[in-house]
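Asks: With the sequence up front, the predicted model follows.
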Amino acid sequence: MKTQKLPILVILALVLAPLLSSCGGPSKIDVALTTYKITPSSDTAKAGEVTFHVHNDATDLTHEFVVFKTDLPEDQLPLTAEGIVDEEADGLTSMGEVEDVTPGTSKDLVLNLEAGNYVLVCNTDSTQLHYSHGMHKSFTVK
């Protein structure tokens, strides 16, 4: 009787292993943008495809959303003379962005991210300096 159960368990393992390895699918992170604050639904995601669903909950400001791969602290990214994050600086790799997220609207940003450290930023122009007002958040991909 015991020998009959072994082949059944092996077959089940062979059938279920590929299905279980793909469980979870791509990561989806909801990101709320408010006046000078970025609030992701999670500060981590698994490596691979990550969809950032970015919604501007502010009533008065248009935002943008930029993802940088970097090991720099979130509040110490290099700035241009105008006071915005220098997207071309050493130590930063821009992974992608959505611009002009007006109040009450949403946009999706789909990226393929490898394991590492990232910073989520609103890098809106030099007249409002959103990054300097605290619109940045550390993010980790595992």
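Replies: Nice, thanks for sending it over.

Asks: Need the contact partners of stretch 44-57.
Replies: The contact list for stretch 44-57, computed with C-beta atoms under 8 Å, 6 or more residues apart in numbering, reads 24, 26-34, 40, 62-63, 65, 67, 98, 101-115, 120, 139-142. Using the backbone N, CA and C atoms, a C-beta is placed for each residue, glycine as well.

Asks: ditto for stretch 111-119
Replies: 45, 47-50, 52, 67-72, 74, 77, 95-96, 136-142.

Asks: Mind checking which of the contacts of stretch 44-57 are buried?
Replies: Buried subset of the contacts of stretch 44-57 (neighbour count, 16 or more other C-beta atoms under 10 Å): 27, 29, 31, 33, 40, 62-63, 65, 67, 98, 101, 107, 109, 111, 113, 120, 139, 141.

Asks: In terms of helices and strands, where is the residue nearest the centre of the chain?
Replies: The chain has Phe52 as the residue nearest its centroid, 5.6 Å off, counting by C-alpha atoms, centre = their mean. Phe52 is part of strand 48-56, with elements assigned from DSSP states H and E.

Asks: Pull up the pairing partners for that strand, direction included.
Replies: Strand pairing for strand 48-56, using DSSP bridges, gives strand 27-34 (parallel), strand 106-113 (antiparallel).

Asks: Go ahead and confirm Val98 touches Phe65.
Replies: Yes: using C-beta atoms under 8 Å, Val98 is in contact with Phe65, at 5.1 Å.

Asks: which neighbours do these two share?
Replies: Overlap of the contact sets of Val98 and Phe65 (by C-beta under 8 Å, 6+ apart) consists of Phe52, Val54, Lys107, Leu109.

Asks: what about the strands in the chain?
Replies: Under the criterion DSSP state E, the chain contains strands at 27-34, 37-40, 44-45, 48-56, 63-69, 93-101, 106-113, 116-121, 136-141.

Asks: Low-confidence bits of the chain, can you list those?
Replies: Scanning the chain for pLDDT under 70 picks out the ranges 1-25, 126.

Asks: same thing but at 80, please
Replies: For the chain, the stretches flagged by pLDDT under 80 are 1-25, 126-127.

Asks: From Phe139, how far off is the residue lying closest to Gly96 once chain neighbours are set aside?
Replies: Of all residues not flanking Gly96 in the chain, Leu111 sits nearest, at 5.1 Å (C-beta to C-beta, 6 or more residues apart in numbering). Computed as C-beta to C-beta, to the nearest Å, the Leu111 to Phe139 distance reads 11 Å.
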